[in-house]
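1. Model the structure of this input:
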Amino acid sequence: MPSNNFHNERLSEVLKREIGTVIARELRDPRIPSIVTVTRVKLAQDNRNATVYVSMMEEKEYQEEGIDALNNASPFIQRTVASRMSIKHFPKLYFKIDNSIEHSQHINKLLKEIENDLE
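-> Below is the predicted model of the structure:
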């Protein structure tokens, strides 16, 4: 019998793909940048809530506007994605900025500085 963790990972991947498709093709809010990438979906233990991490190629202030717009559009996104899937309880979606790309760029920059200092 597959574990609950395996089920959640599969569900997260499907949600990530479907939410990304809805954002790219069906949202028309000008506050949402044209390039939004869903980087990961983190489900709560009971699958009732999900945090959707997104990255945007925009300045910080525009990213916050984009996140507000996505959270305002979250009921529409939930209904649209839920109509394409067959799960018992569709999770409530909360959007957040994924800063992992900026963080990794900062780490790479620090590593290059260390490398240059050693030479």
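2. For this protein, which segments count as helices?
-> With DSSP state H as the criterion, the chain has helices at 4-26, 60-72, 74-84, 100-118.
3. Might you list the low-confidence residue ranges for this protein?
-> 1-3 (pLDDT under 70).
4. residue closest to the middle of it?
-> For the chain, Tyr53 is the residue whose C-alpha lies nearest the centre (CA atoms, centre = their mean; 2.7 Å).
5. give me every residue that touches the spatially closest residue to that residue that is not a sequence neighbour.
-> Nearest non-adjacent residue to Tyr53, counting by CB to CB, 6 or more residues apart in numbering: Asp98, 3.8 Å away. All C-beta atoms are positioned from the backbone trio N, CA, C, and that covers glycine. Asp98 sits next to Thr39, Arg40, Tyr53, Val54, Ser55 when contact means CB atoms under 8 Å, 6 or more residues apart in numbering.
6. out of the residues you listed, which are inside strands?
-> Using DSSP state E, the subset of these located in strands is Thr39, Arg40, Tyr53, Val54, Ser55.
7. need the contact list for the fourth one.
-> Remark: with contacts taken as CB under 8 Å, 6+ apart, Val54 is in contact with Ile23, Val36, Thr37, Val38, Thr39, Gly66, Ile67, Leu70, Phe95, Lys96, Ile97, Asp98.
8. 7 Å - rerun?
-> Residues in contact with Val54 (CB atoms under 7 Å, 6 or more residues apart in numbering) are Val36, Thr37, Val38, Thr39, Leu70, Phe95, Ile97, Asp98.
9. what's the answer for Val41, then?
-> Ser12, Leu15, Lys16, Ile19, Ala50, Val52.
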